[in-house]
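Participant: missing the sequence, but the structure's below:
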């Protein structure tokens, strides 16, 4: 599989004062973005957004201090891409293979007001044979909001591809005990926490608070979710585009985690994931394209 992560290949795509190609943790190349409102960082390993921060605010995204930064290994935190499947799959890595592959920076642009757009492409030479007909691109727009779009096109001659996609966003919070989530009321969900097998329940409360291991998959859920953080006095809005599934996750101290996550970090993070998983998976006919998008924004808590 293709593992070329040489930053010099993409130096011609730099934009003065806006886009810089740099070498980051573990010697991995990443794209540094600066706008009049914010900064962002995107690693080519996994096309992984690891940082977005508006000036005058704490970071929007959580990053584990124990995360691996190495070719062929997923990064813990930020916005991992779970695709072309979600969860475990016999004979394949958890959450698909693309979050561990080297992507290419294909295009960069900046508008007169300073907003920056990047397009990253997953080389087909990196793909296993059964997925070789899948074209995948990620578009990231950085301004006062962070917009991410994951596009998949079935370029195979005659094979329908069944895919799952999910932007597994980790959000930084001041203290999980002072966080509440809105936008999920009256939505059915499958509860996979504490070794559960996915018992279906209904969300009856107007707000969701995280007080234990939480792993919920809300099907047929298209609503915007808000993260209300009393500690940091801000609200994070997670707007979904072409997403019918929402996943809420916090491992607490009870879920067994790999060495790239400190259990104590559960206190300062919550995942609100947007995608199309399980019963909302997508059948992509030859020639069809689907794009999953999120718009992340923040505002003072009212």
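Facilitator: Now that the structure is in, tell me what you want to look at. Every value quoted in this text rests on a predicted model; they were computed, and no experiment measured them.
Participant: gap between the two ends of stretch 99-107?
Facilitator: 20 Å (Cα to Cα, to the nearest Å).
Participant: so for it, what gets flagged as buried?
Facilitator: Residues of stretch 99-107 classed as buried: 99-105 (neighbour count, 16 or more other Cβ atoms under 10 Å). C-beta coordinates here come from the backbone N, C-alpha and C atoms, glycine included.
Participant: next one: stretch 199-217
Facilitator: Buried residues in stretch 199-217, counted by 16+ other Cβ under 10 Å: 203, 208, 210, 213-217.
Participant: okay, residue 196: pLDDT?
Facilitator: For residue 196, the pLDDT comes out at 65.
Participant: whoops, residue 203 was the one
Facilitator: Predicted confidence (pLDDT) for residue 203: 85.
Participant: for the longest strand anywhere in the chain, packing partners?
Facilitator: Once the chain is assigned using DSSP state E, the strand that runs over the most residues is strand 289-300. The criterion is 3 or more Cβ pairs under 8 Å, 6 or more residues apart in numbering; DSSP states H and E, and the helices and strands that strand 289-300 contacts are strand 146-154, strand 165-167, strand 234-241, strand 269-276.
Participant: for it, give the mean pLDDT please.
Facilitator: When pLDDT is averaged over strand 289-300, the result is 98.
Participant: can you list contacts of it?
Facilitator: With contacts defined as Cβ atoms under 8 Å, 6 or more residues apart in numbering, strand 289-300 is touched by 52, 54, 57, 60, 144-154, 163, 165-167, 169, 233-243, 274-276, 282, 284.
Participant: for residue 9, which non-adjacent residue is spatially closest?
Facilitator: residue 104 (7.7 Å; Cβ to Cβ, 6 or more residues apart in numbering).
Participant: typo on my end, residue 199
Facilitator: Nearest in space to residue 199, with sequence neighbours left out and distances taken as Cβ to Cβ, 6+ apart, is residue 191 at 5.1 Å.
Participant: again, but for residue 208
Facilitator: With Cβ to Cβ, 6+ apart as the criterion, residue 208 has its nearest non-adjacent residue at 4.3 Å, and that residue is residue 181.
Participant: check which helix or strand that neighbour maps to.
Facilitator: In this structure, residue 181 is located in strand 179-182 according to DSSP states H and E.
Participant: distance from the chain centre to that strand, please.
Facilitator: 19 Å (Cα atoms, centre = their mean, to the nearest Å).
Participant: for stretch 73-88, same thing?
Facilitator: Average the C-alpha atoms of stretch 73-88, do the same for its chain, and the two points are 7 Å apart (Cα atoms, centre = their mean).
Participant: in it, what counts as buried?
Facilitator: In terms of neighbour count (16+ other Cβ under 10 Å), stretch 73-88 has its buried residues at 73-86.
Participant: which among these gets closest to residue 95?
Facilitator: Nearest to residue 95 among the buried residues of stretch 73-88, counting by Cβ to Cβ, is residue 82 at 3.9 Å.
Participant: OK, contacts around the closest one?
Facilitator: When contacts are counted by Cβ under 8 Å, 6+ apart, residue 82 touches 95-96, 99, 164-168, 273, 275, 277.
Participant: put together a markdown table for the buried residues of stretch 199-217, with distance to residue 134 and secondary structure on each row.
Facilitator: Listed next are the buried residues of stretch 199-217 as a markdown table, based on distance: Cβ to Cβ, whole Å; DSSP: H, G, I helix; E, B strand; the rest coil:
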| residue | distance to residue 134 | secondary structure |
| --- | --- | --- |
| 203 | 34 | coil |
| 208 | 34 | strand |
| 210 | 35 | coil |
| 213 | 34 | coil |
| 214 | 32 | strand |
| 215 | 28 | strand |
| 216 | 28 | strand |
| 217 | 23 | strand |
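Participant: just flag the most distant two among the residues you listed.
Facilitator: By the measure Cβ to Cβ, the buried residues of stretch 199-217 have their two most distant members at 203 and 213, which lie 17.0 Å apart.
Participant: next, count neighbours for residue 181.
Facilitator: The burial count assigned to residue 181 is 22, neighbours taken as other Cβ atoms under 10 Å.
Participant: for it, give me its contacts.
Facilitator: Going by Cβ under 8 Å, 6+ apart, the list of residues near residue 181 reads 207-210, 225-228, 248, 270, 272.
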